[in-house]
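A.B. asks: generate a structure from the sequence data that follows.
(chains A, B, C and D)
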Number of protein chains: 2
Amino acid sequence: MTVTLADVAARAQVSPATVSRVLNGNYPVAASTRERVLRAVDELDYVLNGPASSLAAATSDLVGILVNDIADPFFGIMASAIQSEIGGPGGRAGGERLAVVCNTGGSPERELTYLTLLQRQRAAAVVLTGGAVEDEPHAAAVASKLRKLADAGTRVVLCGRPPASDTGAIALTFDNRGGGRELTEHLIGLGHRRLGYIAGPEERTTTRHRLEGHRAALEAHGIEEDERWTVHGRYDRQSGYEATLELLRRDPSLTAVVAANDSVALGACAALRDSGLRIPDDVSVAGFDDLPFSIDAVPSLTTVRLPLAEAGARAGRIAMGREEPPPGGIATIRGELMVRGSSGGPRAS
Amino acid sequence: MTVTLADVAARAQVSPATVSRVLNGNYPVAASTRERVLRAVDELDYVLNGPASSLAAATSDLVGILVNDIADPFFGIMASAIQSEIGGPGGRAGGERLAVVCNTGGSPERELTYLTLLQRQRAAAVVLTGGAVEDEPHAAAVASKLRKLADAGTRVVLCGRPPASDTGAIALTFDNRGGGRELTEHLIGLGHRRLGYIAGPEERTTTRHRLEGHRAALEAHGIEEDERWTVHGRYDRQSGYEATLELLRRDPSLTAVVAANDSVALGACAALRDSGLRIPDDVSVAGFDDLPFSIDAVPSLTTVRLPLAEAGARAGRIAMGREEPPPGGIATIRGELMVRGSSGGPRAS
DNA sequence: TATCTCATAGAAAGCGCTTGCTGTGACGCT
DNA sequence: AGCGTCACAGCAAGCGCTTTCTATGAGATA
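C.D. replies: Numbering: from 1, shown residues only, chains lettered A, B, ... in the order given. Presented below is the predicted three-dimensional model:
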């Protein structure tokens, strides 16, 4: 029914071994033979059996990319960059690799299951993007899984995720804490003293680090934080909308709202507008990430730019062994403060 | 070195066959035996070898999702919905499947290569999302590939993509033409007679259909189109920005700009603003897709909502054989006109 | 008690490919 | 002429799992 290597061999009048070598091109084959084989492959419309090949060679050309939310451009941009370097079809990397992105939906269990599935497939490399969940048992489980993957020869790279010590994983980490601090200091520098903060989900590293940066800035400037000023939510627009209304309810005198990311900031802007407040005249707003749409917001969003594409590309190259890992296996990638229209001095009150 | 089925079998004092059956759960195994096996699996930290399993069983649990641009939420949303139904980890579908999304970057070659790679892996199903390229030889190549996949037992579903006749593929198609027409008719109804159109890349079906709808509306209302009113570009924000400036240069008297999608529309808005024009007072703007950020634009975007998540979910279910394909293998999914702040009557001139 | 029927478990034959090792001529060297 | 070298090509042994077919013992039935 289906064409196999043996069929091709028969047709080309060579041994299966030769066909295999022609296809893999890592062993000398006479030009004339090669041509004959290739012709047979073509005529028979032969397609290599991936599983069989992986089994025999004990390697696979699968590369996994784990993301928390594929519908979020934050991950889409990184995934796209990683993939372009992995060399899937079209990439310039040597053999063709199947770069696959797996959507964990932010769920620890799914993350683990995907890792197992990739381990099953003997993936060549795995890149985990975005913040991790801080739940201890889960973190341990993931760490152990990563170690096993690494031990089995799978290259593991973390992109935009804190280092997982002792797992052999390379980490390219975003300096969320520093970025958060810089952002809030900018606002403080403008004169704000009452700042609301819309944080992401409680248990994520990204959430915590950005919040810590924010608080460090407040503290450094002697601003005592009111606990009513922080609200936790999801990393999406709607959450930002609701959280902002909540913040306004708690303390209508806030002059600035710092959001966990740009999507949340957009929701915050909408909520402020719907509440009859002008941005930045009445309330300043700041986001994080600098996703493409941020510059198109009205007013355009003050935010911290994270070099998502660059980081992803680098992670991809490292995963493919085409770039030296950073010394110590850890690199911190800094964000860049982008001051735009959504932040200004506080209203006189 | 690595633990194999045989190791587990030895440890549990059963035959490899029994272990396999316990793991696959499709053959009666005594409870006590099962338990013993499971314990051995656990103690040995055994992970099934995917390739070996796929080879022996002649099936695989890989499901491919092809997208044009993973960084674009349009695809991200669909992919996410598809994946959730595929049942990757966390989905409710039975066995665990590895749903993988492949980023073609809109390139026909990559699309083809990914299909081949998926064919190599003997994928259980493949879902192709978004518009197709209209290049004839390529279309034929893809069609032939799809047919082969289908023949080999891979379920093929097109989501948001025109039907590929005679390939055995199920198609859930968006009614881009109808949506485009409705959108433009809305604008015409408001009194606009000079409408610019920012189209997507020339050779894509989505581009052509939306444009056809637009033109049908113009024609239906006796508006003769000036060829200067149409500009082609990419499906992104920057392209919209540039195209709008170009349109304005060609004919400053335009009172409305219809964009190929929401991202483009956002760029158009920015260009208009930068040109000192108010929206919608001076120029109305309309998008397409109704991505999440569209409602947050200022003014919020008039657009055509496409039920991306619903369509994706349905495609996923069909791919898994959990839902009946539509009669004839083809379903057309209509968009819904969302009238919002970015469209209004034309300025008196 | 003898026989039949189930429910389970094992033996073994592959699945389609890769690769270490073994030919085997042709060529060039002494 | 004799022999080492090389460039190719083939043999055959798996890779780790699934699954058909064949035991085997325990009840059930006659």
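A.B. asks: quick one: the lowest-mean-pLDDT helix or strand in chain A to chain centroid distance?
C.D. replies: In chain A, the helix or strand scored least confidently by mean pLDDT, DSSP states H and E is strand A:98-103, which has a mean of 90. From the chain centre to the centre of strand A:98-103 is a distance of 12 Å (C-alpha atoms, centre = their mean, to the nearest Å).
A.B. asks: is it positioned near DNA strand C?
C.D. replies: No - on the criterion C-beta under 7 Å from any atom of the strand, strand A:98-103 is out of touch with DNA strand C, staying 14.7 Å away. From N, CA and C alone the C-beta is placed, and that goes for glycine too.
A.B. asks: hmm, the helix or strand just after that strand touching DNA strand D?
C.D. replies: Sequence order places helix A:108-120 as the next helix or strand after strand A:98-103, per DSSP states H and E. No - applying C-beta under 7 Å from any atom of the strand, one finds helix A:108-120 separated from DNA strand D by no less than 8.9 Å.
A.B. asks: next, the angle from helix A:108-120 to strand A:98-103.
C.D. replies: Here the directions of helix A:108-120 and strand A:98-103 differ by 160 degrees (axes from the mean of the first three to the mean of the last three C-alpha atoms, to 10 degrees).
A.B. asks: please name every helix or strand in contact with the least confident helix or strand of chain A.
C.D. replies: Under the contact criterion of 3 or more C-beta pairs under 8 Å, 6 or more residues apart in numbering or on different chains; DSSP states H and E, strand A:98-103 touches strand A:62-67, helix A:73-86, helix A:108-120, helix B:73-86, strand B:98-103, helix B:108-120.
A.B. asks: now that strand: buried residues?
C.D. replies: A:98-103 (16 or more other C-beta atoms under 10 Å in any protein chain shown).
A.B. asks: A:Gly213 contacts A:Glu185, doesn't it?
C.D. replies: No - using C-beta atoms under 8 Å, A:Gly213 is not in contact with A:Glu185, being 9.2 Å away.
A.B. asks: of the two, which one has the most company?
C.D. replies: A:Gly213 (25 against 18; other C-beta atoms under 10 Å in any protein chain shown).
A.B. asks: so what's that one closest to, chain neighbours aside?
C.D. replies: Leaving aside its sequence neighbours, A:Gly213 sits nearest to A:Gly180 (C-beta to C-beta, 6 or more residues apart in numbering or on different chains; 2.6 Å).
A.B. asks: quick one, what contacts that neighbour?
C.D. replies: Residues near A:Gly180 by C-beta atoms under 8 Å, 6 or more residues apart in numbering or on different chains: A:209-214, A:216-217, A:258, A:288, A:304.
A.B. asks: so which residue of the stretch 151-300 of chain A comes closest to DNA strand D?
C.D. replies: A:Ala152 (11.1 Å; C-beta to the nearest atom of the strand).
A.B. asks: can you give me phi and psi for that residue?
C.D. replies: Dihedral angles of A:Ala152 (phi, psi; degrees, to the nearest 10) stand at phi -80, psi 10.
A.B. asks: could you measure from it over to B:Ala56?
C.D. replies: Remark: distance between A:Ala152 and B:Ala56 (C-beta to C-beta, to the nearest Å) = 21 Å.
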